[in-house]
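Asks: A predicted structure for the sequence below; I have some questions about it.
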Amino acid sequence: MKIRFLIAVFVLALAGACASKKQITPQPSAPTTAVKKSPLQALLAAIPNPFSKKKSKPPMATAPQWTGVIRMVNAQENFVLIEANSMGSAIPGETYLAVAKGSESASLRMTSLRNPPFLIADILSGTPSTGDKIYLPKASTPPPTPKTEEAVAPDSTPTAEIATKPPKAKPTPKAKPTPKEN
């Protein structure tokens, strides 16, 4: 009998010990005040967690910067006349897109010919029409300005030449020593 009594007491004591470890989450009834963090907690909070899944914000879509509107199309000579929004917005040599009714209608290469507020662009592909809007599809930097007057004359006509790297100079062969005569 003593053994059964001791086993019953032991089981009840074990059950009481397990019941006392149960965690109770307090229900906030009123707004709590800020809890002061220890220096160790503040240090650990400052270290980024490589395992946390942070949602990155999607990139913001930017509206195209309209360069101008096509006012005349010359299909025989393969160029268009553009009324520009501002003269600084067109970059000579860059490829621009013409948009009509929400879809791309032509690809144009801007020339250096300007007569404010008008610009001239060569038609690369597509069929542009009067009223199409023009924009530069990518952000680009303007080409470097030539340092000599020969490179671009103000009254010159645009050419279809593409700038290429100058050919590499071949090394000159070394002179062979002449044999000495005795």
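Replies: Okay, I see it. Computed from a predicted model, the values in this text were never measured in an experiment.
Asks: Worst mean pLDDT across the helices and strands of the protein, which element?
Replies: helix 2-20 (a mean of 64; mean pLDDT, DSSP states H and E).
Asks: just the strands in this protein please.
Replies: For the chain, applying DSSP state E gives strands covering 66-74, 79-84, 95-100, 103-115, 118-126, 133-135.
Asks: Minimum distance to Ala45: which of those strands has it?
Replies: Closest approach to Ala45 among the strands of the chain is made by strand 133-135 (46.3 Å; C-beta to C-beta). C-beta coordinates here come from the backbone N, C-alpha and C atoms, glycine included.
Asks: Quick one: low-confidence residue ranges for this structure.
Replies: 1-2, 6, 8-35, 52-55, 139-182 (pLDDT under 70).
Asks: Isn't Asn85 up against Trp66?
Replies: Yes: with contact defined as C-beta atoms under 8 Å, Asn85 and Trp66 form a contacting pair (6.2 Å).
Asks: closest one to Ser56 among the strands of the chain?
Replies: strand 133-135 (27.9 Å).
Asks: what's the closest one packed up against?
Replies: strand 66-74, strand 95-100 (3 or more C-beta pairs under 8 Å, 6 or more residues apart in numbering; DSSP states H and E).
Asks: Please name the strands paired to the longest one in the sheet, noting orientation.
Replies: According to DSSP bridges, the neighbouring strands of strand 66-74, each with its direction, are strand 79-84 (antiparallel), strand 133-135 (antiparallel).
Asks: Buried residues, the last one. List them.
Replies: Think strand 133-135. For strand 133-135, the neighbour count (16 or more other C-beta atoms under 10 Å) marks Lys133, Ile134 as buried.
Asks: List of residues touching it?
Replies: Residues external to strand 133-135 that are found in contact with it (C-beta atoms under 8 Å, 6 or more residues apart in numbering): 64-70, 82, 96-100, 108, 121.
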